[in-house]
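Engineer: mind looking at a prediction? Sequence and model below.
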Amino acid sequence: MPVEFLTDDEEAAYGRYAGAPSQADLERVFFLDDEDRALIDRRRGEHMKLGFGLQLVTVRWLGVFLEDPLDVPVAVLDFVSEQLGITDPSQVKRYTERAKTKLDHQWEIRRVYGLEEFSAIEDELRAWVAARSWTSGDGPKAIFFDAVAWLRKRSVLLPGVTTLARLVAQVRDEVTKRLWGVLEGLLTVGQRHVLDQLLEVPPGSRVSDLERWRKGPAPRGSGPTMIKALDQVAEVMGLGTAELGAEALVPPRRLADLAKYGMRADASQIRRHPDGRRLATLLATVRHLEAKSVDDTLELLDLLMATELLNKAQTAANKEKIRAHPRLAKASARLAVAVEALFDSDSWGGQDEEPRVAEVWEAIEAIVSRAELRAALATVNSSVPPADAADPDDWRSELVGRYTTVSGFLKLLPKVIEFGANAEGAAVLGAMRMLPDVLAYRSRLPAPLIPRRMIEAQVVNGTWKRLVFGHPEHKGGAVNRHAYTFCVLEQFYRHLKRREIYADASTRWRNPQAQLLEGDRWAQVRPDVLTALGLPENPDALLADHTRTLDAAYRQVGGRLAVNTEVRIDDDGKIHLTGVKAIEEPPSLVDLRARTTAMLPRVDLPEVILEVMSWEPSLVEAFTAVSGGRSRLEDLPISIAACLAAHSMNVGYRPIAKQGVPALERSRLSHVFQNYFRPETLAPANAPLVARQAGLALARAWGGGMVAAVDGMRFVVPVPAAFARPNRKFFGSSRGMTWLNAMNDQGIGLGAKIVSGTIRDSLHMVDVIFGLDGGDLPEIVVSDTGSYSDLVFGLLELLGISYRPALADLPDQKGWRISAGADYGPLNTFARGKIDLRKIRKHWGDILRVVASIYTGEVRAYDVVTMLQRDGHPTALGEAIAAYGRIFKSLHILAFIDTDETYRRDIKHIRNLQEGRHDLARKICHGRKGELYHRYERGLENQLGVLGLVLNCVVLWTTVYLDAAVRQLKAHGYPVRDEDMARLSPFVRKHLGVHGAYNFLLPDLAPGAIRDLRDPDAPDDDEE
């Protein structure tokens, strides 16, 4: 009987031939060596030898003897006959005349080749399946096929498909129930009751506590919202699940899988589960919510500080400066008169005679009165900081005026969330922990003054001293409580952003140093990682090679500058480069592009999605229910396609849903999106699209797929959202976020990441590259002009990736040299930077550990980059990595300005290619003016993940049809030049419809067939 989690095709591939083996398979598996021939030659008669040989190669190929040993493809029969020198393969029919013959031969093959019966190793297999199920939580299908490989590796004859499938399903279910039991056993009676109460709706509320916690506080940057977020952290932490030690007993991945289900399933659905599963799910979900609530709270703090406090304080200070400028200018002019008269008084009287003060004042008052001078002096003193001030404090003064915004939540923050700190942040964290007492202190001094003994004076740095201690200082050494509060908060926030202060309960704000490989774990993976990256234990030989390469590059490029008409070096040593000129399109390319575009069938976006799904069934299979159930909804592909269309076009369900069509009912679409769409399903859905496009001849003409571009696409988010940040250049008066995405030189998207606001892409770029949905890790990465730094150059080169950012600010770039005394001619001034190899050697061991931690996924590259910088200035380790990166940054600039413009033209080509992809994305995501209305990160991730998947569907569909159009033109004798074919674009869009009524019906196509191409000479439908 069929197995629930296996399709008919997969069952057919197990236990008998799914099709004829390829020639390579024949030569690899069906080849008979001398030992095989010696065993076969013992048989009498050619039919016996051929039958024995067929059984021998069959068991090697399938892992099991066939019920009918002659049920093999003709190609196999002919190949074995040829090896045995048998001219008439048809006589093998006599082999089965005696039923016992095949059994005798099977027994001998098992004995000679050491093949074991399944029953002898069944218990060991059960133990392996149990261990695999316990640690990984993989589905039964994945475990089933890995179990087949496990048996084959141990030379075990495979059992029947149903026998093995039932074993896997049974053991996996037993392990899952055991896992539930372990988690349930950790809970006390009181904790069980409290967890169950999370599913109930309290009196006066409309949702259960679980739903309220899952949703979290509204993403608004305000004091009251911070208090609500901290209250939720206290509620979740108050359950005490962190002390149960679940992580020590259950693999983290299994906890994460349970938590994913608990975060999405309805409370009523969880309530219906048996005790073990229900309580285990709730426990894992609460553990996840502990970290999530801390993450959300600190994200809100980041939002509050960045947008509501620091940004608005600086804006208000700038406006005040503008308003005060006329008064300050007038007052300064009056004071200048008095100072000028004072200097002139040096020449009054004789050589040894000092002028009288009265005479000086008489000269001054002839121009400006004393009262006006006093007013002018007061204006200047109030507008200009004292001469000994370390930094102007205008915006800090504005910040102090917002004390009531922060005073409420700062009493809770250090008490509710447990923070840690390294040496740089320890003093500030100590002051932060004492801040609630400072805020609660009832002082007898005039507000807002408090005694100095209440504060940690050492954390008050130069920029805050004037505001905290007063100027002149307050009587009795009193301090300004409001100013001190913001002094501590501003420094706490700065150290938190650099992870010098961290929250271990968080996932985003934890200590990255604690996640780096170390000890036994580092020793275990070190050899393999260093071999994979090609990095040596001792850097001397590597650095010597880089020194020779850089020196040679300077000399060669410098020597060619005389004939390089595109480059000019001015008197200051700055390099000026003429922009890359567009290559004129030949008439053959113009005609080929017009013809192939005209041949594309006119389709609406839903049809494209459905057609690609029909080509790649694994796309639909990637969408699994969050519950982990194996049953599939009827017509699920249509519902998935509808959800993809609705969310990628940003039009919602109204134009998509169809009343009376079960697969397109609005409730059905909402259910499917909530339960089947998440980053864990969207990423694997992309992988088969990347692989399929890479196999097309046209895609291979575009590139090899090993060059990637990373760039950000900006979206306005007009609703309060934690990830939205203000930036007038990109978002006007609204706020927005960045979709940082990577694509290869074949035009297919590889991966993406949601980035708050419009911060520098380089902080997140490495994470995008090492979190690809499909395809190989690229060898070359291209980015825009604002995404690079010496540190990123160093990290990417150490990770085995050549980094090639665009260089729009070339005259401002500085070259770096290793050989201090080398003469590089016209490039001497440019190469004014000195790379200190001693820094690299000194920190090489730590560099290897950091790079290996990123490569193995132990730590996010974003956290590492943050850790290695302090307010834009690298740490000692960061400086060592940056020094290494300057070698390759200099080589990149030299290649960029060299006489061969292919290097910079290739960079510009893929940058233009990505702009084309973004333009196509804008056409598809046209609803609501292209603005996103999700308040929470999960919604943004899902919608933009859908947009990326649909973009890949469109690109694959277009590539398939363009490839077919090119082949048809060639077949009809049309001259297609390879260089023209390479300049076709996968982002043509005239044929694609995204407006109007949406149809989810495919035309009647044979398996593997595509639609008929249009006649390129026929009139355009849109022009009739």
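Structural biologist: Nice, thanks for sending it over.
Engineer: quick check: buried residues in the helix or strand where residue 952 lies?
Structural biologist: In the assignment (DSSP states H and E), residue 952 maps to helix 937-971. Buried residues in helix 937-971, defined by neighbour count with 16 or more other C-beta atoms under 10 Å: 937-938, 940-966, 969. All C-beta spots, glycine's among them, are computed from the backbone N, C-alpha and C.
Engineer: now do stretch 237-256
Structural biologist: Buried, per 16+ other C-beta under 10 Å, within stretch 237-256: 237, 239, 241, 242, 244, 246, 250, 254, 255.
Engineer: secondary structure and distance to residue 739 added to those, as TSV?
Structural biologist: Shown next, in TSV, are these (DSSP: H, G, I helix; E, B strand; the rest coil; distance: C-beta to C-beta, whole Å):
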residue	secondary structure	distance to residue 739
237	helix	33
239	coil	36
241	helix	35
242	helix	34
244	helix	39
246	helix	35
250	coil	35
254	helix	32
255	helix	30
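Engineer: I'd like the distance between residue 177 and residue 142.
Structural biologist: According to C-beta to C-beta, to the nearest Å, residue 177 stands 20 Å off from residue 142.
Engineer: my bad, should have said residue 569
Structural biologist: Residue 569 is 60 Å from residue 142, by C-beta to C-beta.
Engineer: which one's more surrounded, those two?
Structural biologist: residue 569 (19 against 13; other C-beta atoms under 10 Å).
Engineer: tell me the contacts of that one?
Structural biologist: 561, 575, 576, 826, 827, 829, 830 (C-beta atoms under 8 Å, 6 or more residues apart in numbering).
Engineer: beta partners of it?
Structural biologist: Under the criterion DSSP bridges, residue 569 forms beta bridges with residue 575.
Engineer: could you check how far it is from residue 556?
Structural biologist: Distance from residue 569 to residue 556, by C-beta to C-beta: 16 Å.
Engineer: now residue 482
Structural biologist: Using C-beta to C-beta, we find residue 482 at a distance of 62 Å from residue 556.
Engineer: look at residue 288 and say how many residues are nearby.
Structural biologist: Neighbours around residue 288, by other C-beta under 10 Å: 20.
Engineer: who's in contact with it?
Structural biologist: Residues near residue 288 by C-beta under 8 Å, 6+ apart: 255, 256, 259, 262, 263.
Engineer: pLDDT on the host helix or strand of it, on average?
Structural biologist: If you go by DSSP H and E, residue 288 is part of helix 275-303. Mean per-residue pLDDT for helix 275-303: 93.
Engineer: show me which positions of that helix end up buried.
Structural biologist: 276-303.
Engineer: repeat that for stretch 920-928.
Structural biologist: Here stretch 920-928 shows 920, 921, 923, 924, 925, 927 as buried, counting by 16+ other C-beta under 10 Å.
Engineer: tell me which of those is nearest to residue 181?
Structural biologist: Taking C-beta to C-beta as the measure, residue 181 lies nearest residue 925 of the buried residues of stretch 920-928, at 46.8 Å.
Engineer: where does the closest residue to that closest one other than its chain neighbours land in three-state SS?
Structural biologist: In this structure, residue 925 finds its nearest non-sequential neighbour in residue 650, 4.9 Å apart by C-beta to C-beta, 6 or more residues apart in numbering. Three-state assignment for residue 650 (DSSP: H, G, I helix; E, B strand; the rest coil): coil.
Engineer: how far off centre is the helix or strand harbouring residue 594?
Structural biologist: Assigned by DSSP H and E, residue 594 belongs to helix 587-599. Chain-centre distance of helix 587-599: 37 Å, with C-alpha atoms, centre = their mean, to the nearest Å.
Engineer: show me what that helix is in contact with.
Structural biologist: 961-962, 965-966, 968-969, 974-977, 979-981, 983-985, 988, 990-991, 1013-1018, 1020.
Engineer: among the buried residues of stretch 920-928, which lie within strands?
Structural biologist: Within those, no residue falls in strands by DSSP state E.
Engineer: filter the residues you listed down to just the ones in helices.
Structural biologist: For the buried residues of stretch 920-928, the ones inside helices are 920, 921, 923, 924, with DSSP state H as the criterion.
Engineer: my read: residue 647 touches residue 947, true?
Structural biologist: Yes. At 7.4 Å, residue 647 and residue 947 qualify as touching, with contact defined as C-beta atoms under 8 Å.
Engineer: list the contacts of residue 470.
Structural biologist: By C-beta under 8 Å, 6+ apart, residue 470 lies in contact with 478, 479, 480.
Engineer: could you do residue 649 as well?
Structural biologist: 605, 924, 925, 926, 927, 994.
Engineer: what do you get if the cut-off is 6 Å, keeping everything else the same?
Structural biologist: With contact set as C-beta atoms under 6 Å, 6 or more residues apart in numbering, residue 649 has these partners: 924, 927, 994.
Engineer: neighbours of the last one, how many?
Structural biologist: By that I understand residue 994. When neighbours are counted by other C-beta under 10 Å, residue 994 comes out with 20.
Engineer: once you drop chain neighbours, what's closest to it?
Structural biologist: residue 605 (5.1 Å).
Engineer: check what pLDDT that neighbour gets.
Structural biologist: 93.
Engineer: quick check, residue 782 in a strand?
Structural biologist: Yes. Judged by three-state DSSP, residue 782 forms part of a strand.
Engineer: the helix or strand hosting residue 212 packs against which elements?
Structural biologist: Using DSSP H and E, residue 212 sits within helix 209-215. On a contact count with 3 or more C-beta pairs under 6 Å, 6 or more residues apart in numbering; DSSP states H and E, helix 209-215 meets no helix or strand.
Engineer: quick check: buried residues in that helix?
Structural biologist: For helix 209-215, by 16+ other C-beta under 10 Å, it's 209, 210, 212, 213, 214.
Engineer: what's the first-to-last distance across stretch 58-67?
Structural biologist: This stretch, stretch 58-67, spans 11 Å end to end (C-alpha to C-alpha, to the nearest Å).
Engineer: what residues sit buried inside it?
Structural biologist: In terms of neighbour count (16+ other C-beta under 10 Å), stretch 58-67 has its buried residues at 58, 59, 60, 61, 62, 63, 64, 65, 66.
Engineer: how near is the third one to residue 25?
Structural biologist: Right, the one you point to is residue 60. From residue 60 to residue 25 the distance is 11 Å (C-beta to C-beta).
Engineer: same check, this time on residue 781
Structural biologist: Distance, residue 781 to residue 25, by C-beta to C-beta: 37 Å.
Engineer: comparing those two, which residue is more hemmed in?
Structural biologist: For residue 781 versus residue 25, neighbours defined as other C-beta under 10 Å are more numerous around residue 781 (25 against 13).
Engineer: residue contacts, the more buried one?
Structural biologist: The neighbours of residue 781, taking C-beta under 6 Å, 6+ apart as the test, are 708, 801, 803.
Engineer: ranges for the strands of the stretch 401-550 of the chain?
Structural biologist: 420-421, 449-450, 479-480, 501-502 (DSSP state E, counting those that start in this stretch).
Engineer: neighbours around the spatially closest residue to residue 437 that is not a sequence neighbour, how many?
Structural biologist: Using C-beta to C-beta, 6+ apart and skipping the chain neighbours, the partner closest in space to residue 437 is residue 454 (7.2 Å). By other C-beta under 10 Å, the residues close to residue 454 number 16.
Engineer: my read: residue 454 touches residue 438, true?
Structural biologist: Yes. Between residue 454 and residue 438 there is a contact under C-beta atoms under 6 Å: 5.3 Å.
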